[in-house]
Each structure stands twice: as structure tokens, then as C-alpha cells.
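Asker: next input, structure requested:
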Amino acid sequence: MDAPRVVVRRSARRTRTINARREGDTVIVSIPASATRAQEETWVREMLAKIERSEARRRPGRRAGDGDLAARADRLAREHLDEVGPDGRWPRPASVRWVAPMRTRWASCTPADGTVRVSERLREVPGWVLDHVLVHELAHLREPGHGPAFRALEARYPRSERAIGYLEGLSAGAGLEIGPDPDEGD
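Answerer: So this is what the prediction gives:
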């Protein structure tokens, strides 16, 4: 991702505090009018780093590679699906990877070969939404359909309902035809 455009706003009313916020692809850094050029450069660097850290927490998929996604799925399986299999272990996929945007779903799982594929569209969603999608797909490794046993596994992730609502709103707002899984019957 390219570095954002930076606009520095100096204010005579601002005496000690520094503030930064993102507006689209621009970061606005507000500093005291009395700050030197060296102080300005230091504050801009620090505030850009702070915004990047904050965005990385809120949008973990933005820069995550397949390995990061697989590690996240493994952690979620241990935290939310631990000891649900007949072997007393959490579901372990053979692979978890990002794929080009899918037309009709956010992610998919093939239980037969243990592969989980996550649409690149989800790189920009909050972490808790990505987590729900991963838990949903991992649950398919134990329960291929969407019956009551599957729903019980999915519900182990505490923000599932909220994430489902978020994804429905995202689909509607973007005019995407992504809806419930075809075999859900609703």
C-alpha cells in the first residue's frame, strides 16, 4: 500500500497537543503553530506509525499473507473450537489462503481436502468479522452442512451474530450478491 498523503495543519490555539486522523487517503496532522520543522517531521513520522498500528489492529487482513491468515485460523480454532472433534483436537485445515474476490461468498471450505479459501474482499473488514468467517469455515471441517451441530460450533465465537449482520450490510451497501450459503435454505 502506498504511503498516505500528509497534510500538516498548524494552529495558534493548539499549544501542546498533537493530533492525527485519516480522511480517505490523506492523513491530517494537527500541531502547534510554534513547532519547529524538525519537531513537525518527528511528529508526522510518529503519528503515521500510530495510525498504521491502529489500522493494523482494526483491519488485520490489510497486510496479512497466507501464513498470517493460517496462524490466525489456528489460534481461533484453539480458542473457540478446542476439543470438538472425535480426536479431542481442534479442526486443523490443510491450508488457509487468500483468494481473488469470490462472486457469491466471503469464503469457502472443502472438508474433503481441508482447504479454506478467504476472499480478498475481507482484507478490509475489522478483525472480529474476519475471525467469524474463519471460525465459520473451520467449523465446516467438523460439520460439512449448516445444521444444528454446525450452528452450535459457529456460535462458540461470541461475535458471530454481529459479524453476520456486518457482512450482510457490507454486501447490501456494495451491491454485491453475496448472501447466505446456498445450502442454508434461507
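
Asker: where in the protein is the helix or strand with the lowest mean pLDDT?
Answerer: helix 37-58 (a mean of 84; mean pLDDT, DSSP states H and E).

Asker: so how far is residue 23 from residue 4?
Answerer: Distance of residue 4 to residue 23, given as C-beta to C-beta, to the nearest Å: 10 Å. In short, each C-beta sits where N, CA and C put it, glycine included.

Asker: ditto for residue 133
Answerer: Residue 133 sits 28 Å away from residue 23, going by C-beta to C-beta.

Asker: which one's more surrounded, the two?
Answerer: residue 133 (25 against 10; other C-beta atoms under 10 Å).

Asker: let me see the contact set for that one.
Answerer: Contacts for residue 133 (C-beta atoms under 8 Å, 6 or more residues apart in numbering) come out as 106, 107, 118, 122, 163, 167.

Asker: and the next helix or strand past the least confident helix or strand of the chain?
Answerer: Sequence-wise, the next helix or strand downstream of helix 37-58 (DSSP states H and E) is helix 66-80.

Asker: now residue 74. Nearest residue, chain neighbours left out?
Answerer: residue 92 (7.3 Å; C-beta to C-beta, 6 or more residues apart in numbering).

Asker: my read is that that neighbour contacts residue 77, right?
Answerer: Yes. Applying C-beta atoms under 8 Å as the test, residue 92 and residue 77 come out as touching, 6.9 Å apart.
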